[in-house]
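Participant: structure, please.
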Amino acid sequence: RALGASASRKAVTTFSDPQEFFRGVQRQFLTYERKDGIKLSATLYLPPGYTKGVRLPVIMWAYPREFSDTDTASQVVGSPNRFTLVTPGNSHMYLLFAGYAILDGPTMPIVGPGETANDRYVEQLVSSAEAAIDKVVEMGIADRDRVGVGGHSYGAFMTANLLAHSRLFRAGFAESGAYNRTLTPFGFQSERRTFWEVPDLYARMSPFFYAHQVKDPIYLTHGEMDDNSGTFPIQSERFYMALKGHGATVRYVTLPYEAHGYAARETHLHLIAEKIAWFDKYVKNATPRVTTEQ
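Facilitator: Numbering: from 1, shown residues only. Modelled structure (predicted):
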């Protein structure tokens, strides 16, 4: 405004809120540490009308990433000032309207020098999950006995590993994941060593090898036309068979005509309904197995 000009203001845009019903959602940006001292962060969403002090079922939706050093891994990711906007890629957010709190994007760093980050993959993954759950329980938000986990692609791989190597979660929801790393023998994600160089690592990181240890319900879904070289549908098909063979509670749903990223409106609506039904049965209304922390 030029010096001495009128102080009046005039709106030049009239864009409507694209998702007005999400404005009642409460949002908090969290920072915390895991037991090895690495700083972590996450965004916590609370359903509209949430009453402070009431413990809710919580769904953690995440995606692990590799880092070469602790300083880089401890960088804060995210901001408390971001606009809350739900896209097809984060449709798990609709669980907020079914009475869940969502712990979205908690950092799950896998740290190690050079090419060795994945040498302690399982240990670090479980430690990050423990820290995230401890944080929301300490805040008085979460019921420790009603926490679920989910993710897409490498997040689905994470989900399966967490259920195979811990009892932190009551149920999982895994979308288009890879579960047997011997089927990606020339590397995956940030892992550049081949299967023939570190066969034991490929086995340790493959939840398929630990299907007999999965004791909590897991939902698997996969696009029938997945074109991502690391996540062909055979990954979910064989993992499903391994889980069923060991008596696990598992559901497998294939998505017609879908690739690695889902496109159809019908697919997204269907998966929202499946997530609500799955987590309602196995998380929200699950029979307690431990004394709920107060």
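Participant: and the contacts of stretch 13-31?
Facilitator: Contacts to stretch 13-31, defined as Cβ atoms under 8 Å, 6 or more residues apart in numbering, come from residues 39-50, 76, 78-80, 84-86, 93, 96-97, 135-136. From N, CA and C alone the C-beta is placed, and that goes for glycine too.
Participant: just the buried residues out of these, in ChimeraX syntax.
Facilitator: Selecting only the buried entries of these in ChimeraX, with 16 or more other Cβ atoms under 10 Å as the criterion:
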select :39,40,41,42,43,44,45,46,47,50,78,86,93,96,135,136
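Participant: if you look at the contacts of stretch 13-31, which of them are in strands?
Facilitator: 39-46 (DSSP state E).
Participant: which element is residue 30 on?
Facilitator: Element membership of residue 30 [criterion: DSSP states H and E] is strand 26-33.
Participant: buried ones in that strand?
Facilitator: The neighbour-count check on strand 26-33 (16+ other Cβ under 10 Å) flags 30, 32 as buried.
Participant: could you check the angle strand 39-46 makes with it?
Facilitator: In terms of direction (axes from the mean of the first three to the mean of the last three Cα atoms, to 10 degrees), strand 26-33 departs from strand 39-46 by 160 degrees.
Participant: below-threshold pLDDT in this structure: ranges please.
Facilitator: 1-6, 69, 71-78, 290-294 (pLDDT under 70).
Participant: 50 instead, please
Facilitator: By pLDDT under 50, the weakly predicted segments of the chain are 292-294.
Participant: need the contact partners of the longest helix along it.
Facilitator: Using DSSP state H to define each element, the chain has its longest helix at helix 121-138. Residues lying outside helix 121-138 but in contact with it, judged by Cβ under 8 Å, 6+ apart, are 30, 32-36, 40, 42, 44, 58, 60, 64, 101, 103, 106-111, 142-144, 147, 149, 158, 161-162, 165-166, 168-169, 204-205, 293.
Participant: change it to 6 Å
Facilitator: Contact with helix 121-138 is made by 30, 32, 34-35, 40, 42, 58, 106, 108, 110, 142, 144, 147, 161-162, 165-166, 168, 205, 293, as judged by Cβ atoms under 6 Å, 6 or more residues apart in numbering.
Participant: among those, which are located in strands?
Facilitator: Among those, the members found in strands (DSSP E) are 30, 32, 40, 42, 58, 110, 142, 144, 147.
Participant: okay, those residues in a markdown table with distance to residue 14 next?
Facilitator: A markdown table is the format used below for the ones in strands among the contacts of helix 121-138 (distance: Cβ to Cβ, whole Å):
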| residue | distance to residue 14 |
| --- | --- |
| 30 | 35 |
| 32 | 41 |
| 40 | 40 |
| 42 | 35 |
| 58 | 38 |
| 110 | 46 |
| 142 | 40 |
| 144 | 46 |
| 147 | 42 |
